[in-house]
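Novice: What follows is a predicted structure for the sequence shown.
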Amino acid sequence: MKKKSRLAFKMALGIVLLGVLICAVSSLIGYHQYKATIEKQYNVTAYQGAQIALSYIDMNKLKEYAQVVNAFYDGQMTREELDVYSADDEYVQVKERIEALRENIGANDVFVFVLDTKQLMSYAGTREGWEPLHYIFDSYTVPEYSYTLGDSGSFNPDYIQELYDIAVTGRRSESYFFSNGDYGYNTAAIEPVIDENGEVFALAAVEIPMVTLQVSLRQYLVYAVLVTVALIVLFILAYVMYLYRYVVHPINQIAQGTGAFVENNNHMSELLSQIKTNDEIQYLAESFMKMETDIERYINNLTKVTAEKERIGVELDVATNIQKSMLPSIFPAFPERKEIDIYATMNPAKEVGGDFYDFFMVDERHLAIVMADVSGKGVPAALFMVIGKTLIKDHTQTGKDLGEVFSEVNDLLCESNSEGLFITAFEGVLDLVTGEFRYVNAGHEIPFICKKGGVFEPYKIKAAFVLAGMEGMRYKCGSMELEPGDKVFQYTDGVTEATSSAQELYGMERLGRVLADNASLSPTDLLPKVKEDIDAFVGEAPQFDDITMLCLEYRQRMREEDR
C-alpha cells in the first residue's frame, strides 16, 4: 500500500505541475495578446483624434501659424506680435474645438506643433533647456499647464529618432508610441502635416491615457487564472482516478510479480499473466514474463559460457606467449658481434598482433632485418604473420637478390590467402665487411637513417606493392652504403598513426623530432624514448594498432680474417 501511495502521489504531482505550467503559459500568452490588441485600439483612436484635430484647422491658416512661430524663434517677431495671432477669433475657436475633442476621446493632450529638428537631435541626456517642440495649439487636461501659440516644450527622449524620421519623411512611425512613467501609462499618435510641396511644416499629436487598459488587464488575468485552475483541478481529479485504476494498480502487480520471481529463486509468478489492460502496460508485463523466462535459460547456460570464455582466455594467453616466443626477444642479440648493435620491440593492440619483426645472420658476414605489418588484427592476422615471417626467413639466402626473395614469398602467400589479407614488409641485409645495405620495400613505411654524428632523417625510397596483394608481382632491390657509427630505424604504421584523444595523429614529423633529439643514444635506449613520447602524445586514448620498432647500429667493419 505504501508503494501505491508513493506512485500515485508522484504521478498526481507531475500532473499538477504540468497543469500549473499550462495555466501560467496560457494566461501569459492571453495576457500579452489581449494587451497588444487593446493597445493597438487605443493607438488607432489617438491617430483618429489627430486627424480630426487637423480637420478643424484651415491648412493655409495653419501654415501661417507655423511660419509666425518659426519667425518668432528666428528672432524676426516679438512675443507681442505673436500674441496678436493667438488672440484671433479663428484661433480661439479652433482651440475650443480641440479642447472639446480632447474631452470627447478622453485624451490627456491634443496639440499641434512645429518641430525644431536640430534641437531635437542635440539631446544630451537632460531635459533642462531642451524644448524642441514649438506649440501652435495645445489642449492639456490641466488648463494652467496648457501651452499657447509660440510656447515651447520637451518630448519623451525615447522617441527622438522616430519623431525626427516623421518630420523628415512625412510618414507615420511604423511603431506605436507607448510610455509608462511619471504621467502614467499612455499612448501617443503623431500625424505629419504636409504642404503642397510635399514638405512637413507641422505635426499634430494626441496622447491618450490607458488606465482603463490596466484595470481590464488585471481583471482578465484574474478571470483567466481562475477558470484555468478550475478546469485543471477537475481534470486532475478525473485523471488521477483513471491513472490509479489503469496504470498504478497494474504497475504494482508487475512490481509484486517480479519481486516474487527474485524472492522465490526464479520461480515465475502468476500475477503478470493476470494483467489485461490491452495497452503498453500489458505489453510491459508480457515483456517481464519473457525476461524471466530468458533469465532462467541464461542462468542455466551461464556456467557453460563462463567456462568457454575462460578456455578462450587461456588459449589467447598461450597464443600471445607463442607469438612473443617467435620474435627475437633476447638482448643483446649478438653479444659476440662487436660490429653491430640491434634492438626491437612490439606492443600489440590486442592479445595477439599482426606486426612482426625479425633479424638473423644470413651467413657469417651478412645480417638481415625484417619489419612487417599484416592487415587486420587478432588471431587471423597473427597466423598470417607466422606464415609470412617463416617464408621471408626461409627464402633469404646468401647471394640471393632481395627482390627475388619478395617475389617468391608474394606468390606463395597469394596461394594460401583465403582471408584476403596482405602484408606490408621491409627487409634489409647489411654486409658487415663493406657496409653495403641492400633492401626491398613492399608497401611499408620508409626507414630513418642516422649518419655518424648526425641526426635521423627519413630515407625516401619507392615502395612497391604489398605482399599477398596480387600474384606475379616482381620486386626490385635497392642499396645504400653505411659507415661505422650509422644507424637504421624502422617501424610500422602503428607508430605514425597513433591517435590522441583529440583525434590527432602522431605523424612522421613528431617521430623525426624525437629521433633527432635522441640520435646519440644506443638502440637499446632509443626505442624506449620513442615509446615514451608516443604514450605522452596518446594519453588516455586506446591503442588501435600494433606499435613495432627496430633500430640497427653499424658499429665497426668486420675484418676479412674474422670471417
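Specialist: Received it, and whenever you're ready, just let me know what you need. Residues are numbered from 1 along each chain as shown.
Novice: Only C-alpha atoms from now on, for both contacts and neighbour counts.
Specialist: Noted.
Novice: ok, now which ones touch Asp195?
Specialist: Phe201 (CA atoms under 8 Å, 6 or more residues apart in numbering).
Novice: before we move on, what about Thr499?
Specialist: So, once contact is read as CA under 8 Å, 6+ apart, Thr499 ends up touching 505-506, 538, 541, 543.
Novice: Where does confidence bottom out across those residues?
Specialist: Checking pLDDT across those, the minimum falls on Gln543 at 84.
Novice: How many neighbouring residues does that one have?
Specialist: Look at Gln543: counted by other CA atoms under 10 Å, it has 18 neighbours.
Novice: And Ala230, by the same measure?
Specialist: Neighbour count for Ala230, taken as other CA under 10 Å: 11.
Novice: Who does the closest residue to Thr169 other than its chain neighbours form a beta bridge with?
Specialist: Sequence neighbours aside, Val200 is the residue nearest to Thr169 in space, at 7.9 Å (criterion: CA to CA, 6 or more residues apart in numbering). In this entry, Val200 is beta-bridged to Ile194, by DSSP bridges.
Novice: Val200 contacts Arg171, doesn't it?
Specialist: No - counting by CA atoms under 8 Å, Val200 stays clear of Arg171, with 9.5 Å between them.
Novice: shared neighbours of the two, which are they?
Specialist: Pro192.
Novice: Adding secondary structure and distance to Ser55, write the contacts of Thr499 out as JSON lines.
Specialist: Below are these laid out as JSON lines (DSSP: H, G, I helix; E, B strand; the rest coil; distance: CA to CA, whole Å):
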{"residue": "Leu505", "secondary structure": "strand", "distance to Ser55": "81"}
{"residue": "Tyr506", "secondary structure": "coil", "distance to Ser55": "84"}
{"residue": "Val538", "secondary structure": "helix", "distance to Ser55": "84"}
{"residue": "Ala541", "secondary structure": "coil", "distance to Ser55": "82"}
{"residue": "Gln543", "secondary structure": "coil", "distance to Ser55": "88"}
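Novice: If any of these are buried, give me the ChimeraX selection for them.
Specialist: Restricted to buried positions by 16 or more other CA atoms under 10 Å, the ChimeraX selection for these reads:
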select :505,506,538,543
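Novice: ok, the contacts of Thr499 vs Glu427, which is closest?
Specialist: Nearest to Glu427 among these: Tyr506, at 24.3 Å, using CA to CA.
Novice: quick one on the thing from earlier: Val200 and Arg171: who's more crowded?
Specialist: Neighbours were counted for Val200 and for Arg171 using other CA under 10 Å; Val200 has more, 19 against 15.
Novice: give me every residue that touches the more buried one.
Specialist: 167-170, 192-194.
Novice: one more time with 7 Å, if that's ok
Specialist: For Val200, the contacting residues are 167, 170, 192-194, by CA atoms under 7 Å, 6 or more residues apart in numbering.
Novice: which among these gets closest to Ser522?
Specialist: Closest to Ser522 out of those is Ala167 (88.9 Å), distances taken as CA to CA.
Novice: Give me the below-cutoff pLDDT ranges for the stretch 351-500 of the chain.
Specialist: 351-353 (pLDDT under 70).
Novice: what are the ranges of the helices in this protein?
Specialist: Ranges of helices in the chain, per DSSP state H, are 2-55, 59-73, 79-86, 89-105, 117-120, 160-169, 211-243, 249-263, 280-326, 378-395, 402-415, 493-496, 507-517, 523-538.
Novice: tell me which residues in the fifth one are buried?
Specialist: Along helix 117-120, the positions that meet the burial threshold by neighbour count (16+ other CA under 10 Å) are 117, 120.
Novice: what do you get for stretch 377-395?
Specialist: Neighbour counts over stretch 377-395 (16+ other CA under 10 Å) mark 377, 379-385, 388-389, 391-393 as buried.
Novice: how about those residues in TSV, adding distance to Gly354?
Specialist: Shown next, in TSV, are those (distance: CA to CA, whole Å):
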residue	distance to Gly354
Lys377	6
Val379	8
Pro380	8
Ala381	5
Ala382	5
Leu383	8
Phe384	8
Met385	6
Gly388	10
Lys389	11
Leu391	15
Ile392	15
Lys393	17
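Novice: Need the per-residue pLDDT for Val168.
Specialist: As predicted, Val168 sits at a pLDDT of 87.
Novice: before we move on, the earlier item: okay if I get the helices of the chain as TSV plus distance to Glu144?
Specialist: Output for the helices of the chain, formatted as TSV (distance: least, CA to CA, whole Å):
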stretch	distance to Glu144
helix 2-55	21
helix 59-73	21
helix 79-86	16
helix 89-105	13
helix 117-120	25
helix 160-169	26
helix 211-243	23
helix 249-263	77
helix 280-326	77
helix 378-395	100
helix 402-415	111
helix 493-496	91
helix 507-517	88
helix 523-538	84
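Novice: out of these, nearest to Ala205?
Specialist: Nearest to Ala205, of all these, is helix 2-55, at 5.7 Å by CA to CA.
Novice: Return the distance of that closest one from the chain's centre.
Specialist: Distance, stretch centre to chain centre, for helix 2-55: 35 Å (CA atoms, centre = their mean, to the nearest Å).
Novice: orientation of that helix relative to helix 89-105 in degrees?
Specialist: With axes from the mean of the first three to the mean of the last three CA atoms, to 10 degrees defining the directions, helix 2-55 sits at 160 degrees from helix 89-105.
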